[in-house]
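1. What follows is a predicted structure for the sequence shown.
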Amino acid sequence: MLARPVADNGSPTTHSMTVARRTTGPTFGHASTSAQTASTYGPAWRSELRPDVRARSTEGLRSRAVLVTELSQLEADAKTVDADDPSRAPFFLRIAAAYDELRAVAESEGDTELAARARTKAHEMKHLVVRRYPDAPYLDKPLFDVADELEHTEQRAGSFVLYRELVKKFPASPYAPYAYLAMGEEYFELASRHPEEWPQAIAMLQKAITPAAPGNRVHGYALYKLAWAYEKSGDHSHARQLFQEVVDVAAANPSVPDLVKLGEAAHGDLASM
């Protein structure tokens, strides 16, 4: 068998990413309960579990008129700013934040066209910061935002590179578990076709489960997917242990709906093994 091409940085190549692409989110497992539950999770679900999810609610948002006025002034100021000066990075992030807020307002008003424009502009500003100021100490959120946006627009190779950069530069960032989960899911899908990648999938998912729930909102899902990675790699004993751990975590956090659902799925998986 010919060796699968791998990029120099150890990440799957663009070709491999295309092979592993998801269309309806991850669906795995042999129990109907797990398949049904797992199919509701994926990149979009992960975004809803971001550390700053509360900041993206409609509560406390400024009006469209105020934001449009502010952005008009900021855009005008941007034309006179030396974009090569690293000290200007916060200025461009301020513009990105204002566009994110405008997007939230537009979505709450049902204006999908304005929301799409605001999303694009916010992405452009964050991408500018990531590209021009790679040594900025506060780059973990912009890195995650750009990687997340690239993943949602099916630019998976680019998103993988940025997720990898995030965990390398900011291993203690609250966004690190999300980045590890994204990379773990990529390797999980890839390993389904190339079994030699299971160790990589397992390694990434193991890092995604730290810290534990409820502080890490993706802990339960990462643990559940890690159990399936072990199961599919042939380590059935370890898989059973982790499915039971998912059940236990869910039982310890009955007020977290997503964990409850995963606990039910893991319980069904154990019963069918």
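-> Everything's here; your move.
2. Residue 115 touches residue 101, doesn't it?
-> No. Between residue 115 and residue 101 there is no contact under CB atoms under 8 Å: 11.4 Å. Just so you know, the C-beta spots here come from the backbone N, C-alpha and C atoms, and that holds for glycine as well.
3. More neighbours: those two, which one.
-> Taking other CB atoms under 10 Å, residue 115 and residue 101 do not tie; residue 101 has more neighbours (22 against 18).
4. can I assume that one sits in a helix?
-> Yes. The assignment for residue 101 (DSSP: H, G, I helix; E, B strand; the rest coil) places it in a helix.
5. ok, it to residue 180 distance?
-> Distance of residue 101 to residue 180, given as CB to CB, to the nearest Å: 28 Å.
6. where does residue 56 land on pLDDT?
-> Looking at residue 56, its pLDDT is 56.
7. how close does residue 216 get to residue 203?
-> Per CB to CB, residue 216 is found 17 Å from residue 203.
8. Compare the two (neighbour count), which wins?
-> More crowded of residue 216 and residue 203, by other CB under 10 Å: residue 216, with 21 against 15.
9. got the contact list for the more buried one?
-> Residues near residue 216 by CB atoms under 8 Å, 6 or more residues apart in numbering: 177, 209-210, 222.
10. where along this protein do the helices fall?
-> In the chain, the helices defined using DSSP state H lie at 14-19, 32-38, 43-47, 64-78, 89-109, 112-132, 140-152, 156-169, 176-191, 198-208, 219-233, 236-252, 257-272.
11. pull the CA atoms of the fourth one into PDB?
-> The reference is to helix 64-78. Below are the C-alpha coordinates for helix 64-78, written out as PDB (Å, rounded to 0.1, in the frame of the first residue of the first chain):
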ATOM      1  CA  ARG A  64     -27.600  48.600  15.000                       C
ATOM      2  CA  ALA A  65     -27.400  52.400  14.600                       C
ATOM      3  CA  VAL A  66     -24.800  52.800  17.300                       C
ATOM      4  CA  LEU A  67     -22.600  50.000  15.900                       C
ATOM      5  CA  VAL A  68     -22.900  51.200  12.300                       C
ATOM      6  CA  THR A  69     -21.800  54.700  13.400                       C
ATOM      7  CA  GLU A  70     -18.900  53.300  15.400                       C
ATOM      8  CA  LEU A  71     -17.700  51.000  12.600                       C
ATOM      9  CA  SER A  72     -17.900  53.800  10.100                       C
ATOM     10  CA  GLN A  73     -15.500  55.800  12.300                       C
ATOM     11  CA  LEU A  74     -13.200  52.900  13.000                       C
ATOM     12  CA  GLU A  75     -13.000  52.000   9.300                       C
ATOM     13  CA  ALA A  76     -12.000  55.600   8.500                       C
ATOM     14  CA  ASP A  77      -9.400  55.500  11.300                       C
ATOM     15  CA  ALA A  78      -8.000  52.200  10.000                       C
END
